[in-house]
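A.B. asks: Show me how the following folds:
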Amino acid sequence: MFEVDFHILNQKATPAIYADTLANRPTFGFAGRIFINTASPYGVYRDTGSAWVQVAGIGGGPGSTGVNGLNGTTNIGLGGTLANNTTINGNFNLDFFHKSFTVNAQNSTTFNVSTYTNNGNSNVLKQLDANSSLYSELFLEPFIIYSKYNSLNYGLSLNDTTGKFALGDYNNDRKYNSFVVNDDTNEFYLTTSFNQANTDQDLFFASNSSSSIRFVKIGDFNAYQNNISLVVDDANYRIFTTGTNATKGFDLDFNNEVYNFADTNAKITCDAVNQSIELETNNLKFTGSISTSIPPTSGSILYLEVYVNNILYNILMTRP
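C.D. replies: Reported below is the predicted structural model:
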């Protein structure tokens, strides 16, 4: 008659093996005894006589992929130093449940990649210079990407909620230099300032928001200082200037064929439709050499020569 021998050959310091679920593990106190957890997360424990110590976290229980693989429920505790090049290959998610992790480079510069909640929707990637405590940040939010340097708002701002995309000092935190594209309003413009204290922004502005609003403006387009600018208004067939005094400058109206060169005290209007040139002034002066004639019978009397329809006319000129 055959008999089964359930005794363990104790070659060295393992007098017994116990297998069950972790909840049914016996109380420690049997030094050298091995316990095998038969349920996930599967583990091997050794009884030191005063405590259970886990000696392995990978078992051969259900769901295991063997010694060269891990199943989806296996928890791995890592520590120490990873000294060699390591490649993680495969199509899977790599999740970090802590709020940040740090990579120390060989040049003593610390690169921090951290995530945190800002109004419930912001993650941030931060680069930190460990030697000077200077840092750059890239914020990633739903529909918004923007950068900061030492908490100042400049660099890059891509805001799809407003359709506004900017490069440079997009929030006027430094020197007010920026290039802005507003896709929602079909506009783009450049702002500039000659020093950090100056807040007068002017340079270039373009709009193509509708068939009736399509123009380019060069100069002080936001009236920060003198509002001096040149406007090319393609939608309305005009080229004109703007300024603190709106009556100064020129206005070329190609649609109505009226062209003005104006100032507060003098104005010249050329009206191509009415074939007229109008001069408005309180003081008309001719300076320099003028064309005059002295007929033989007129003595010292001067005449101004004026041609009208290619016919010469003489205007009598007398001194006061």
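
A.B. asks: I figured Ser50 hits Phe28, correct?
C.D. replies: Yes - assessed by Cβ atoms under 8 Å, Ser50 is found in contact with Phe28 at 6.6 Å. For glycine as for every other residue, the C-beta is placed from the backbone atoms N, C-alpha and C.

A.B. asks: Tell me which of these two has more neighbours.
C.D. replies: The neighbour count for Ser50 versus Phe28, taken as other Cβ atoms under 10 Å, is higher for Phe28 (17 against 9).

A.B. asks: So the more buried one sits against Phe35, correct?
C.D. replies: No - taking contacts as Cβ under 8 Å, Phe28 lies outside contact range of Phe35: 9.0 Å.

A.B. asks: and for these two, which residues touch both?
C.D. replies: Residues touching both Phe28 and Phe35 by Cβ atoms under 8 Å, 6 or more residues apart in numbering: 47, 52.

A.B. asks: any idea how far Leu9 is from the closest residue to Asp263 other than its chain neighbours?
C.D. replies: Excluding its sequence neighbours, the residue lying closest to Asp263 (Cβ to Cβ, 6 or more residues apart in numbering) is Lys248, at 5.4 Å. Taking Cβ to Cβ, to the nearest Å as the measure, Lys248 and Leu9 are separated by 110 Å.

A.B. asks: which element follows the lowest-mean-pLDDT helix or strand in the chain toward the C-terminus?
C.D. replies: Using mean pLDDT, DSSP states H and E, strand 292-293 stands out as the lowest-scoring helix or strand of the chain, at a mean of 54. Sequence order places strand 302-308 as the next helix or strand after strand 292-293, per DSSP states H and E.

A.B. asks: helices or strands next to that next one in the packing?
C.D. replies: strand 292-293, strand 311-317 (3 or more Cβ pairs under 8 Å, 6 or more residues apart in numbering; DSSP states H and E).

A.B. asks: tell me which residues in the last one are buried?
C.D. replies: By neighbour count with 16 or more other Cβ atoms under 10 Å, strand 311-317 contains no buried residues.

A.B. asks: quick one, that strand and strand 302-308 angle?
C.D. replies: For strand 311-317 against strand 302-308, the angle between stretch directions is 150 degrees (axes from the mean of the first three to the mean of the last three Cα atoms, to 10 degrees).

A.B. asks: hey, C-alpha coordinates of strand 311-317 in PDB?
C.D. replies: Output in PDB follows, covering the C-alpha atoms of strand 311-317 (Å, rounded to 0.1, in the frame of the first residue of the first chain):
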ATOM      1  CA  ILE A 311      -4.500 129.400 -72.200                       C
ATOM      2  CA  LEU A 312      -2.200 132.000 -70.600                       C
ATOM      3  CA  TYR A 313      -3.700 134.500 -68.300                       C
ATOM      4  CA  ASN A 314      -1.900 137.400 -66.500                       C
ATOM      5  CA  ILE A 315      -2.900 138.300 -62.900                       C
ATOM      6  CA  LEU A 316      -2.000 141.900 -62.100                       C
ATOM      7  CA  MET A 317       0.300 142.100 -59.000                       C
END
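
A.B. asks: quick one: strands adjacent to that strand?
C.D. replies: Here strand 311-317 has these sheet partners by DSSP bridges: strand 302-308 (antiparallel).

A.B. asks: So which bits of the strand it pairs with are buried?
C.D. replies: Tyr303.

A.B. asks: For the remainder of this discussion, apply numbering that starts at 671.
C.D. replies: Got it, the first residue is 671 from now on, which makes the last one we talked about strand 972-978.

A.B. asks: isn't the residue nearest to Asp933 right up against Ala932?
C.D. replies: Yes - if you go by Cβ under 8 Å, Lys918 and Ala932 touch, sitting 6.6 Å apart.

A.B. asks: Which one's more surrounded, those two?
C.D. replies: Using other Cβ under 10 Å as the criterion, Lys918 and Ala932 rank with Ala932 on top: 18 against 13.

A.B. asks: so who does Ile814 touch?
C.D. replies: Ile814 is in contact with 828-831, counting by Cβ under 8 Å, 6+ apart.

A.B. asks: Is it possible to mark the buried ones in those?
C.D. replies: Neighbour counting with 16+ other Cβ under 10 Å marks Asn829 as buried within the contacts of Ile814.

A.B. asks: Can you lay out the contacts of Ile814 as a markdown table showing distance to Pro812 and pLDDT?
C.D. replies: Below are those laid out as a markdown table (distance: Cβ to Cβ, whole Å; pLDDT from 0 to 100):
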| residue | distance to Pro812 | pLDDT |
| --- | --- | --- |
| Leu828 | 12 | 94 |
| Asn829 | 11 | 93 |
| Asp830 | 9 | 92 |
| Thr831 | 9 | 90 |
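
A.B. asks: May I ask which two of the contacts of Ile814 are separated the most?
C.D. replies: Greatest spatial distance among those (Cβ to Cβ): Leu828 and Thr831, at 10.3 Å.

A.B. asks: Domains in this protein, by residue range?
C.D. replies: Annotated domains of the chain cover 671-743, 962-990 [automatic domain parsing].

A.B. asks: Go through these and find the least confident stretch.
C.D. replies: Among the domains of the chain, domain 962-990 has the lowest mean pLDDT, at a mean of 66.
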